[in-house]
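*Asks:* generate a structure from the sequence data that follows.
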Amino acid sequence: MEHLSIIEIKDLSFSYTGSARKSLNRVNINVRKGEFVVVTGPSGCGKTTLCRCLNGLVPNFYAGDLEGEALVCGLDIRKQSTGALSQHVGFVFQNPENQLFSLTVERDVAFGPENLGLSRKEIRRRVEWALKVTGIEALRDRAPYELSGGQQQRAAIASVLAMQPEIIVLDEPTSFLDPKSSKEILQVISNLNKELGITVFLVEHRLDLATRHSNRIIILDKGAVALDGPPEDVYNEEAHLIGIGLPKVTLLFHLLRHDGIETEKIPVTVEQGAEELRRILRK
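*Replies:* Numbers count the residues shown, from 1 in each chain. Model (predicted):
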């Protein structure tokens, strides 16, 4: 049977061993192949736990009480090892230093394909491709600890891409980066989504930067899905009350409406905001 969704989560709940609180509480999410999904929410709402479910760290590494169902590329996370799921789901951690451990970038990127037992020729092909698409070919012989934060994050993404996953999960990849590096990393991720069709599941707080690349926003609150849909539908008053840092342009137009200024829509990007302001001024 062919699955319509590349990620299917149904009534998924999870609590870590020793914790009385559910980190996830009856979560239902379906993600189609090729989507760029941004997941956000207050600290402690379950974002990282949800990511860990997608690559099998929950329940294979982090023990606890798991209820419900989670299928990734048609595979049940309960019945698959983390190694098996890693061939379908690439995971980029919040801090790239936790993911890079070899003496050179090239060795880090080659690590995954080598562990798949691929031929030397295929490993070389994948490494060259991953370095190229992330724009770090010139860094191949550099030690990861010599790189900037943005360069390290690109290297971490390249090491995941060399496994050629269908899905790439990123847990706040810009949290250690300055705004310029954050913008560049998100553009790299967006290019992978648009040009290669890789499904992106991105946990992010910097919604000003991430929203322009996404076609869907999921807001978690207290372990459950509070809002799910296109950015222009999700960034409403309820999202603001949950404590989400809405894009500044979106917040501006909410304030304008409160002051009685009529707007046709609530923009979610600066470009949309500029267009709406020009329309208002022409009236």
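
*Asks:* only C-alpha atoms from now on, for both contacts and neighbour counts.
*Replies:* Will do.

*Asks:* in the chain, where is pLDDT below threshold?
*Replies:* Within the chain, the segments meeting pLDDT under 70 span 1-3.

*Asks:* now the strands for it?
*Replies:* Assigned strands in the chain, in chain order: 7-16, 24-31, 36-40, 64-72, 75-76, 89-92, 167-171, 199-203, 216-221, 224-229 (criterion: DSSP state E).

*Asks:* TSV for the ones you listed, including mean neighbour count and distance to I189?
*Replies:* Converted to TSV, the strands of the chain look like this (neighbours: other Cα atoms under 10 Å; distance: least, Cα to Cα, whole Å):
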stretch	mean neighbour count	distance to I189
strand 7-16	20	19
strand 24-31	19	17
strand 36-40	25	9
strand 64-72	18	20
strand 75-76	16	24
strand 89-92	25	11
strand 167-171	24	9
strand 199-203	25	8
strand 216-221	23	15
strand 224-229	18	20
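
*Asks:* could those go into TSV alongside distance to R279?
*Replies:* Listed next are those as TSV, based on distance: least, Cα to Cα, whole Å:
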stretch	distance to R279
strand 7-16	40
strand 24-31	35
strand 36-40	29
strand 64-72	44
strand 75-76	49
strand 89-92	41
strand 167-171	37
strand 199-203	33
strand 216-221	26
strand 224-229	26
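
*Asks:* looking at those, which is closest to E264?
*Replies:* Nearest to E264, of all these, is strand 224-229, at 19.2 Å by Cα to Cα.

*Asks:* which stretches of the stretch 1-150 of the chain form helices?
*Replies:* 47-54, 57-60, 82-85, 105-115, 120-133, 149-161 (DSSP state H, counting those that start in this stretch).

*Asks:* may I see the buried residues of the third one?
*Replies:* The neighbour-count check on helix 82-85 (16 or more other Cα atoms under 10 Å) flags T82, L85 as buried.

*Asks:* okay, it in CSV with CA atoms only?
*Replies:* In CSV, the C-alpha atoms belonging to helix 82-85 read as follows (Å, rounded to 0.1, in the frame of the first residue of the first chain):
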residue,chain,number,x,y,z
THR,A,82,17.7,4.0,14.7
GLY,A,83,20.3,2.9,12.1
ALA,A,84,17.6,1.7,9.7
LEU,A,85,15.6,4.9,10.1
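
*Asks:* contacts for it?
*Replies:* With Cα atoms under 8 Å, 6 or more residues apart in numbering as the test, helix 82-85 has contacts from N55, G56, L57, N60, L75, I77.

*Asks:* TSV for those residues, including distance to L139?
*Replies:* Compiled in TSV, the contacts of helix 82-85 are given as follows (distance: Cα to Cα, whole Å):
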residue	distance to L139
N55	28
G56	31
L57	30
N60	34
L75	36
I77	35
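
*Asks:* who wins on neighbours among the residues you listed?
*Replies:* The most crowded member of these, judged by other Cα atoms under 10 Å, is N55 (27 neighbours).

*Asks:* so that residue touches Q80, yeah?
*Replies:* No - counting by Cα atoms under 8 Å, N55 stays clear of Q80, with 9.4 Å between them.
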